[in-house]
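K.L.:
fold the following, please.
(2 chains)
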Amino acid sequence: MEREELIERYFEQKLTVEEQAEFDALLKNDTAFSKEVDFRNDVKQAINLNKREEQKALLQGFEEELNNATTSQQSTTPKIWLVAASIVALIAVGIYGALQFSSQSPDELYLAYYEPYENVVKPIERGEVSEDAVTKAFAAYEMENYQFAIKQFDSLYTITNEGYYLLYQANAYMALDQYDQAIPLLEKHIALKDDFQPKSLWYLGLSYLKTERADMAKPLFELLVSNNGYKAAKSKEILEEL
Amino acid sequence: MTKQTTLEALKKGDEEALQEIYISNREPFINYALKFNLDRDEILDVYQDAIIALQENIVSGKLSSLSSSIKTYLFGIGKYKIYEKIRKQSKLTLVEENTLKEEEYDLDLHEDAPSEQQILLKEGFSMLGDRCKRILELFYYRGYTIDEIRVSENYENNNTVKSQKSRCLKSLRQAVLNPTN
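P.N.:
Below is the predicted model:
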């Protein structure tokens, strides 16, 4: 059988036992043939990859449709609330002036978007007896005992050099409104470029918002949007408000 | 839609069927995944990848009938992907043991990162004309035979299908040789 035919039937998964034996022998002994089969397998994989990207875009489209549906649902709230809201708005305009009413301030944005990064490192079972330093640190963090958590994360980072402890330590500082402490830790963590990096970009952006440095926050949110991963959608929302 | 007709619709690439599966399992999956301390964006990312893997297995024929429900199968893939994500992020042993067996679900999730050649081919493929894309996709992705392509795409005979296909492969070969063109 011709080689091209053999390769075709291989991809059609229609090789008979004899043809399969012929195919295998060629694959083993004939470099040109095995190279050609490799090439076609690469083509197949390349098309798969391409298809995955298309599918991902399609699913993200479904997701957007769902989000739009929820937003329009929210906007059909009863009219009475609209009336009430506009009265409140009028008063607000009267008091604060039109400028402040037109968009959310960085501080308000911060409040709207900030929540401490969840503990994904060491899930704490309720009632678990805390033994090791890692458990103690995260238990304190989850119980909002931030002062203690900060000390623990600090020594854990010194011992293990795991970058995510910097992220959690910074988050604990943020929860205590100590942004001057949080910012250098986040910057240090970002420089390590580990898998948690996008999280620190997000929290550094929020810290800048909170400390009225929106100009420094912007490029961070832009980066998250262009990475199209962690908090990309939320970063986009913030950028639209700024 | 019954389980079997859903599988058939997904195999054909029916977008409505895909959307229905996507929406009906989305909330249950999010609720399930929240216990792993992933945030919503991360969960949706995993969920979408699981849906893509589900469809890929159906299209490739690895999955033609199911003893369990589609939901169970989808969650099986999703769970595996969650573990993978957490492992990558924290490099720590998980508190909950990974009890999922790939074989149970006919999963083939361990995949090497794409080679340079595959990436070049992917770029090359996206620049091909529609006719080439179509014929290569039917043959290599959907697993159509030459006969089936002739019928579905109204080619005159099998030889025209074959020569069209080999012209398209030639263009791809060139794309790899001259990546900048």
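K.L.:
give me phi/psi at residue 37?
P.N.:
Chain wasn't specified; assuming chain A. phi -60, psi -40 (degrees, to the nearest 10).
K.L.:
chain B was what I was after
P.N.:
Dihedral angles (degrees, to the nearest 10) for B:Asn37: phi 60, psi 30.
K.L.:
where does the residue in chain A that chain B sits nearest to land on pLDDT?
P.N.:
Minimum separation of chain A from chain B (C-beta to the nearest C-beta) falls at A:Ala46, amounting to 3.5 Å. All C-beta atoms are positioned from the backbone trio N, CA, C, and that covers glycine. For A:Ala46, the model assigns a pLDDT of 95.
K.L.:
in terms of helices and strands, where is it?
P.N.:
Element membership for A:Ala46, per DSSP states H and E: helix A:31-75.
K.L.:
tell me which helix or strand comes right after the helix or strand of chain A with the lowest mean pLDDT.
P.N.:
Every helix and strand of chain A was ranked by mean pLDDT, DSSP states H and E. The lowest is helix A:98-102, at a mean of 45. Tracing the chain past helix A:98-102, the next element assigned as helix or strand by DSSP H and E is helix A:106-113.
K.L.:
now do that following helix: everything it contacts.
P.N.:
For helix A:106-113, contacts defined as C-beta atoms under 8 Å, 6 or more residues apart in numbering or on different chains pick out A:Gln104, A:Leu206, A:Leu209, A:Lys210, A:Glu212, A:Ala214, A:Ala217, A:Lys234, A:Ile238, A:Glu241, A:Leu242.
K.L.:
is any residue of the helix or strand just after it near chain B?
P.N.:
Using DSSP H and E, the helix or strand that directly follows helix A:106-113 along the chain is helix A:133-142. No: Helix A:133-142 does not reach chain B (C-beta under 8 Å from any C-beta of the partner chain); its nearest approach is 8.9 Å.
K.L.:
helix A:133-142 packs against which elements?
P.N.:
helix A:146-160, helix A:164-175 (3 or more C-beta pairs under 8 Å, 6 or more residues apart in numbering or on different chains; DSSP states H and E).
K.L.:
now it and helix A:164-175, what's the angle there?
P.N.:
20 degrees (axes from the mean of the first three to the mean of the last three C-alpha atoms, to 10 degrees).
K.L.:
quick check: angle from helix A:133-142 to helix A:146-160?
P.N.:
150 degrees.
K.L.:
nearest spatial neighbour of the residue nearest the centre of chain B, chain-adjacent residues omitted?
P.N.:
Closest residue to the average C-alpha location of chain B: B:Glu56 at 3.0 Å, with C-alpha atoms, centre = their mean. The shortest distance from B:Glu56 to any non-neighbouring residue, by C-beta to C-beta, 6 or more residues apart in numbering or on different chains, is to A:Asn48 (7.1 Å).
K.L.:
of the contacts of helix A:106-113, which pair is most distant in space?
P.N.:
Greatest spatial distance among the contacts of helix A:106-113 (C-beta to C-beta): A:Glu212 and A:Lys234, at 20.0 Å.
K.L.:
tell me which of the two has more neighbours.
P.N.:
A:Lys234 (18 against 13; other C-beta atoms under 10 Å in any protein chain shown).
K.L.:
what's the distance between the more buried one and B:Leu136?
P.N.:
Separation of A:Lys234 from B:Leu136 (C-beta to C-beta, to the nearest Å): 39 Å.
K.L.:
is A:Asp194 in a helix, a strand, or coil?
P.N.:
Put simply, A:Asp194 is coil when judged by DSSP: H, G, I helix; E, B strand; the rest coil.
K.L.:
assess the claim that A:Val121 and A:Ala137 are in contact.
P.N.:
No: A:Val121 sits out of contact with A:Ala137 when judged by C-beta atoms under 8 Å, with a separation of 9.1 Å.
K.L.:
between the two, what contacts are shared?
P.N.:
By C-beta under 8 Å, 6+ apart, the residues touching both A:Val121 and A:Ala137 are A:Tyr168.
K.L.:
of those two, who's got more company?
P.N.:
More crowded of A:Val121 and A:Ala137, by other C-beta under 10 Å: A:Ala137, with 27 against 22.
K.L.:
which residues touch that one?
P.N.:
A:Lys122, A:Ala149, A:Gln152, A:Phe153, A:Leu156, A:Tyr165, A:Tyr168.
K.L.:
switch the residues you listed over to a markdown table; also include pLDDT.
P.N.:
Converted to a markdown table, the contacts of A:Ala137 look like this (pLDDT from 0 to 100):
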| residue | pLDDT |
| --- | --- |
| A:Lys122 | 69 |
| A:Ala149 | 88 |
| A:Gln152 | 85 |
| A:Phe153 | 88 |
| A:Leu156 | 83 |
| A:Tyr165 | 89 |
| A:Tyr168 | 91 |
